[in-house]
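Participant: Kindly return the folded structure for what I paste below:
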Amino acid sequence: MVRDDLYITVPSFFRCPISLDVMTSPVSLCTGVTYDRSSIQRWLDNGNNTCPATMQVLQSKEFVPNRTLQRLIQIWSDSVHRVDSPDSPASTELVLSKDQVLVAISELETHSENRFDLLAKTVRFAQDSEENRDFLMRTECFVPVLVGFLDNVNGGVQRSVEFVEQVVKALDLVPSKMEDREMLKNSMLKKKTEGQKQSSIDSLLLVLQQGSCDSRIASARVLKSIAMDVESKLLIAEKEGLVSELLNLITPDKNPDLIENCLSCLIAISTPKRNKLKLVHLGAVKVFSNLLSTPNLSVSVTEKVLKLIETVSSTKEGRSEMCEDTACVAALVNKVLKVSNVATEHAVTTLWSVCYLFRDQKAQEAVTKANGLTKILLLMQSNCSPQVRQMSADLLKIFRVNSKSCLSSYDTKTTHIMPF
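Facilitator: Predicted coordinates:
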């Protein structure tokens with residue numbers, strides 16, 4: 001039987017970083033990176049004195065056979081041939097037992113050569129049931145081991161990116177089970193130690209930038225879970241490139257679940273004024289406006305975008321950006337009705353803030369052009385909250401004061417409910 005290798009999924013750490021082929025004789029350099037013997041020998045014979053993956057200068061050009069990895073590759077290769085045989089049953093992916101998971105975590109602590117595979121199996125164990133996640137939470141060393149990996153990842157190696165994705169997925173499964181989330185927050189936001197090149201936040205950013213959709217979602221969720229107080233929110237937002245990457249991931253072309261989780265993360269970190277200003281300076285108002293104008297936007301995403309617009313409108317700079325972008329004001333008007341009570345409250349509060357409280361002329365004109373008065377009048381006839389009703393009345397009054405003709409020429413059958 002001829003085997004079609006295109007349908008075989010090869011574990012990434014079985015491939016040589018140079019040739020990208022499955023290694024037949026894996027050897028490790030003094031940097032800890034493993035290569036196929038023939039590939040690394042050819043690299044060194046060509047006069048190179050650096051590690052190809054990390055570009056570190058080699059203190060020694062000697063390499064050590066990686067027997068553990070070689071055995072794993074052999075086991076995998078044998079299993080592939082067995083599955084390929086017409087006489088063999090289809091293989092099934094087994095979930096580790098609790099005892100096996102404890103052994104796997106113990107091996108992870110010792111930085112075992114097959115840690116990628118061990119961690120992937122531990123993630124599958126956690127995903128299998130609520131009971132398994134509870135079990136992992138009662139294993140005291142589990143979270144510290146994961147955070148330790150995040151603090152010591154070489155972001156320049158693709159294999160490391162894939163490994164940190166597994167770490168982040170594992171971390172994402174446990175915060176809701178943690179009784180002491182403060183411990184997780186403190187360990188992930190601690191300052192770099194001397195000689196440490198990477199922190200946990202660096203690794204989470206790496207996943208947001210280069211990871212798969214699922215791991216990006218996990219990274220956003222982990223960030224949200226540790227944004228527990230003003231200090232943690234400031235530390236997260238201060239990481240260069242992190243907020244801008246979250247904004248990059250909420251464009252209409254992205255996965256809806258990814259958009260929603262990134263929005264939730266932005267909401268979690270946006271309460272300090274410094275972070276609100278950072279959002280404004282990074283062009284968040286335009287991003288939110290574009291997203292809000294997207295057709296068929298889900299209710300939950302719409303509510304989160306409106307919440308963020310309301311948040312940035314509490315700053316002078318945010319209001320200025322909004323009022324310069326008439327499309328943003330028009331998008332707000334369009335979400336006043338027929339979305340949800342939460343969306344209505346966010347939209348009306350923002351319009352009330354810029355038009356009534358701060359009396360911005362451009363925003364008032366944009367509301368009028370977007371047929372906002374009709375929507376506000378209809379809203380007052382609906383079963384809205386007393387707070388929304390009062391803000392709507394305030395808005396109608398301000399339009400009446402600022403324009404003698406705006407209501408006199410207003411052709412609508414609902415003018416009989418005007419509250420003045």
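Participant: what stretches of the protein score poorly on pLDDT?
Facilitator: Under the criterion pLDDT under 70, the flagged ranges of the chain are 1-9, 78-94, 111-113, 153-159, 175-180, 191-197, 401-420.
Participant: all strands for it, in order.
Facilitator: In the chain, the segments counted as strands under DSSP state E are 26-28, 34-36, 64-65.
Participant: out of those, deepest packed?
Facilitator: Mean neighbour count, computed with mean count of other C-beta atoms under 10 Å, is highest for strand 34-36 among the strands of the chain, reaching a mean of 24. For every residue, glycine as well, the C-beta is placed using N, CA and C.
Participant: what distance separates that one from the middle of the whole chain?
Facilitator: 32 Å (C-alpha atoms, centre = their mean, to the nearest Å).
Participant: Now do the contacts for residue 339.
Facilitator: 299, 302, 303 (C-beta atoms under 8 Å, 6 or more residues apart in numbering).
Participant: So the first one sits against residue 343, correct?
Facilitator: Yes. Under the criterion of C-beta atoms under 8 Å, residue 299 makes contact with residue 343 at 7.0 Å.
Participant: more neighbours, those two?
Facilitator: residue 343 (22 against 11; other C-beta atoms under 10 Å).
Participant: can you tell me how far the more buried one sits from residue 231?
Facilitator: Counting by C-beta to C-beta, to the nearest Å, the separation of residue 343 from residue 231 is 31 Å.
Participant: so what's residue 213 up against?
Facilitator: Contacts of residue 213 (C-beta under 8 Å, 6+ apart): 255, 257, 258.
Participant: For the first one, grab the count of nearby residues.
Facilitator: For residue 255, the number of neighbouring residues by other C-beta under 10 Å comes to 14.
Participant: so what's it closest to, chain neighbours aside?
Facilitator: residue 213 (5.0 Å; C-beta to C-beta, 6 or more residues apart in numbering).
Participant: Next: the second one.
Facilitator: Nearest-residue entry for residue 257: residue 217, 5.9 Å, with adjacent residues in sequence omitted and distances by C-beta to C-beta, 6+ apart.
Participant: show me what contacts the one you found?
Facilitator: 172, 255, 257, 258, 261.
Participant: what about the second one, distance to residue 313?
Facilitator: Applying C-beta to C-beta, the value for residue 255 to residue 313 is 28 Å.
Participant: try the first one
Facilitator: Residue 172 sits 31 Å away from residue 313, going by C-beta to C-beta.
Participant: Which one's more surrounded, those two?
Facilitator: Using other C-beta under 10 Å, the more surrounded residue of residue 172 and residue 313 is residue 313, with 29 against 21.
Participant: Now do the phi/psi pair for that one.
Facilitator: Dihedral pair for residue 313: phi -70, psi -10, per degrees, to the nearest 10.
Participant: so it makes contact with residue 319?
Facilitator: Yes. Residue 313 is in contact with residue 319 according to C-beta under 8 Å; the separation is 5.4 Å.
Participant: Which residues are in contact with each of these two?
Facilitator: With C-beta under 8 Å, 6+ apart, residue 313 and residue 319 have common neighbours 353, 354.
Participant: if we can go back for a sec, would you mind measuring from the residue nearest to residue 257 to residue 166?
Facilitator: 14 Å.
Participant: you'd agree residue 105 is up against residue 140?
Facilitator: No. At 10.1 Å, residue 105 does not count as touching residue 140 under the criterion of C-beta under 8 Å.
Participant: Tell me which of these two has more neighbours.
Facilitator: Legend: neighbour count by other C-beta under 10 Å for residue 105 and residue 140, higher for residue 105 (18 against 7).
Participant: which residues sit in contact with the more buried one?
Facilitator: 122, 139, 141, 142, 145.
Participant: how about the helices of the stretch 51-200 of the chain, start to end?
Facilitator: Listed in chain order, the helices of the stretch 51-200 of the chain (DSSP state H, counting those that start in this stretch) span residues 67-84, 98-109, 115-128, 130-138, 142-150, 158-172, 181-188, 200-210.
Participant: In PDB, list the C-alpha atoms belonging to stretch 238-253.
Facilitator: Backbone C-alpha positions of stretch 238-253 (Å, rounded to 0.1, in the frame of the first residue of the first chain) are rendered in PDB as follows:
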ATOM      1  CA  GLU A 238       2.400  49.700  29.300                       C
ATOM      2  CA  LYS A 239       3.800  46.700  27.500                       C
ATOM      3  CA  GLU A 240       4.900  48.100  24.200                       C
ATOM      4  CA  GLY A 241       2.800  46.900  21.300                       C
ATOM      5  CA  LEU A 242       0.200  45.000  23.400                       C
ATOM      6  CA  VAL A 243      -2.700  47.400  23.200                       C
ATOM      7  CA  SER A 244      -2.100  48.100  19.500                       C
ATOM      8  CA  GLU A 245      -2.100  44.400  18.800                       C
ATOM      9  CA  LEU A 246      -5.400  43.900  20.600                       C
ATOM     10  CA  LEU A 247      -6.800  46.700  18.400                       C
ATOM     11  CA  ASN A 248      -5.400  45.000  15.300                       C
ATOM     12  CA  LEU A 249      -7.300  41.900  16.200                       C
ATOM     13  CA  ILE A 250     -10.700  43.500  16.300                       C
ATOM     14  CA  THR A 251     -11.100  44.400  12.700                       C
ATOM     15  CA  PRO A 252     -14.200  43.100  10.900                       C
ATOM     16  CA  ASP A 253     -12.200  40.500   8.900                       C
END
